[in-house]
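output the structure for:
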Amino acid sequence: MRSSTGTWGTTDTVSPYSTTYNYRPQVNVSANGDVHVMWSGRFTTSSSYYDVMYRRKSGGTWDAMERASNSSIAPYSIHFVEHGGDIHVVWYENNGGNTDIWYNHGVPEAGGGITIEGV
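Numbers count the residues shown, from 1 in each chain. Next up, the predicted model:
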């Protein structure tokens, strides 16, 4: 991260599983300075499915990684916004030629985590 003095600080590892594929990251910074990151990745090292993953950095500390989707199909073209404290995310999945667009939303919780609705 770049400081106000113009120098870059240390980097953070957002996705904790370096042995699995994590890709298509998106970042958003809310008005209060919280950093929100979503990407396509595996929830555990033993998972064979990809999901939309979410993680927030609040007050200098990363919250636990959360799933924003629950599917056996890899999510593509993940886009999200934070508005009024709510996270809104949309993506698409291609299941054998049938393409579906998915939407979900959630509210980051104090002390970590996110309550996902509609999965």
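
quick check: mean pLDDT of the helix or strand containing residue 54?
If you go by DSSP states H and E, residue 54 is part of strand 51-58. Across strand 51-58, pLDDT averages out at 89.

which stretches of this protein form strands?
23-29, 35-41, 51-58, 61-62, 66-67, 76-83, 86-95, 98-108, 114-117 (DSSP state E).

going by mean pLDDT, which of the ones you listed comes out lowest?
strand 114-117 (a mean of 57).

any idea what residue 83 is bridged to?
residue 86 (DSSP bridges).

from residue 52, how far off is residue 67?
7 Å (CB to CB, to the nearest Å). C-betas here are computed from N, CA, C, even on glycine.

ok so, going back, partner strands of the strand holding residue 54 and their direction?
Strand 51-58 has its sheet partners listed here by DSSP bridges as strand 35-41 (antiparallel), strand 61-62 (antiparallel), strand 66-67 (antiparallel).

so which of those gets nearest residue 89?
Closest to residue 89 of the strands paired with strand 51-58 is strand 35-41 (CB to CB; 6.1 Å).

just want the angle from that closest one to strand 98-108.
Angle of strand 35-41 versus strand 98-108, following axes from the mean of the first three to the mean of the last three CA atoms, to 10 degrees, is 150 degrees.

chain center to strand 35-41: distance?
Distance of strand 35-41 from its chain centroid, counting by CA atoms, centre = their mean, to the nearest Å, is 2 Å.

restricting to C-alpha, output it in PDB.
C-alpha atoms of strand 35-41 as PDB (Å, rounded to 0.1, in the frame of the first residue of the first chain):
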ATOM      1  CA  VAL A  35     -10.900  -2.300   2.000                       C
ATOM      2  CA  HIS A  36     -13.200  -4.900   0.400                       C
ATOM      3  CA  VAL A  37     -11.800  -7.600  -2.000                       C
ATOM      4  CA  MET A  38     -13.600 -10.300  -4.000                       C
ATOM      5  CA  TRP A  39     -12.200 -12.900  -6.200                       C
ATOM      6  CA  SER A  40     -12.800 -16.300  -7.700                       C
ATOM      7  CA  GLY A  41     -11.200 -19.000  -5.600                       C
END
